[in-house]
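> sequence unknown, structure follows:
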């Protein structure tokens, strides 16, 4: 369906008490492979009216819009067609530009984790959940669809955000905020999408989508290693040599059975068929990173590309030329 002739309504609420219903553009990026979701808003500086928390008009003509916001203020961005406004981003103002138009940069709840005190701890339980629970404030729930063990772990003068970043870089643990109160943590292959959406290339996909179907790599060999306390190295491998070959050094002290779990999971991710690129649509369906999508491509009679896929990331642009454009970065096939 083409939504080019629908009216776009939006609400940008700052500090829970001031609302703007007009802007020049909105850009939102979210991805399970990146810790922080970001948003960028362009507002005209010569704003005349806004709306307060009880719905009354506020005349700000002749005043600087900067008098009504500051870095760290909470912000909520919602939009939709013909009055169907739903929240698409919640977070905090991270930067306010000095140019015209006024550019406001925002970050999601990771903004708060970056600013918490640095912590030093030694975690002996070997479990990722225990590592995170020791640094993530209790007001945040931690959702994990699998259990991960990575050996003894030293947190050395790090913020909770820096701990998450180290886990991402060293062992491939991903984390993202499902909402301001729930942190989802795990390997991408273990994420279990709660919502599934539908795209048909003959109905609700924009021209310009750059999806490329990637078939299963039959010639792939993966080796994982872990250094033990005595200096010896445990190494396990899987797959067929002669094509793509990769070696991953995992944290030290992992037992053989723990190393095997990591090998199986990482091999599964690397060899699943799926898509590269983006599937572009309009505001609907309201997809989010971590959701699933049912894809149907009528052009292929054998339906080899039809199926359910994981949405790795979503980029949304709202502006005068695109209307509401939602780009879904599609990953591996779920079924």
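Structure's in. What do you need? Keep in mind it's a predicted model, so treat the numbers as computed, not measured.
> what about the helices in the protein?
110-114, 128-133, 160-171, 256-271 (DSSP state H).
> quick check: longest strand of the chain.
Identified as the longest strand of the chain according to DSSP state E is strand 307-319.
> and it, what does it pack onto?
Contact partners of strand 307-319 among helices and strands, from 3 or more CB pairs under 8 Å, 6 or more residues apart in numbering; DSSP states H and E: strand 25-31, strand 274-276, strand 292-296, strand 323-333. Using the backbone N, CA and C atoms, a C-beta is placed for each residue, glycine as well.
> mean neighbour count, these: which tops it?
For those, average neighbour numbers computed from mean count of other CB atoms under 10 Å are highest in strand 323-333, which has a mean of 21.
> quick revisit: between the helices and strands packed on strand 307-319, which one is nearest to residue 257?
strand 323-333 (25.2 Å; CB to CB).
> confidence-wise, which helix or strand of the protein is lowest on average?
Least confident helix or strand of the chain, by mean pLDDT, DSSP states H and E, is strand 49-52 with a mean of 64.
> bridging residues for the residue most central in space within the chain?
Nearest residue to the geometric centre of the chain (CA atoms, centre = their mean): residue 31, 2.7 Å. According to DSSP bridges, the residues that bridge with residue 31 are residue 313.
> thinking it is in contact with residue 310, fair?
No - taking CB atoms under 8 Å as the definition, residue 31 is not a contact partner of residue 310, at 11.8 Å.
> wait, residue 253 touches residue 149, no?
No - taking contacts as CB under 8 Å, residue 253 lies outside contact range of residue 149: 9.8 Å.
> what is in contact with the two at once?
Taking CB atoms under 8 Å, 6 or more residues apart in numbering as the contact rule, residue 253 and residue 149 both touch residue 126.
> give the contact list for residue 259.
Taking CB under 8 Å, 6+ apart as the test, what residue 259 contacts is 224, 226, 234, 236, 250.
> would you mind measuring from it to residue 169?
19 Å (CB to CB, to the nearest Å).
> likewise for residue 276?
22 Å.
> likewise residue 185?
On the measure of CB to CB, residue 185 and residue 169 end up 15 Å apart.
> so which of those two has more stuff around it?
residue 185 (24 against 9; other CB atoms under 10 Å).
> the more buried one bridge partners, please.
With DSSP bridges applied, residue 185 shows beta-bridge pairing to residue 144, residue 175.
> dump the residue contacts of it.
128-129, 132, 142-144, 173-175.
> neighbour-wise, which of those leads?
Result: residue 175 is most packed of these (other CB under 10 Å), 26 neighbours.
> test my guess that residue 103 contacts residue 39.
No - Residue 103 is not in contact with residue 39 according to CB under 8 Å; the separation is 11.1 Å.
> which of the two has more residues huddled nearby?
residue 39 (24 against 16).
> my guess is residue 159 contacts residue 118, does it?
Yes - if you go by CB under 8 Å, residue 159 and residue 118 touch, sitting 5.6 Å apart.
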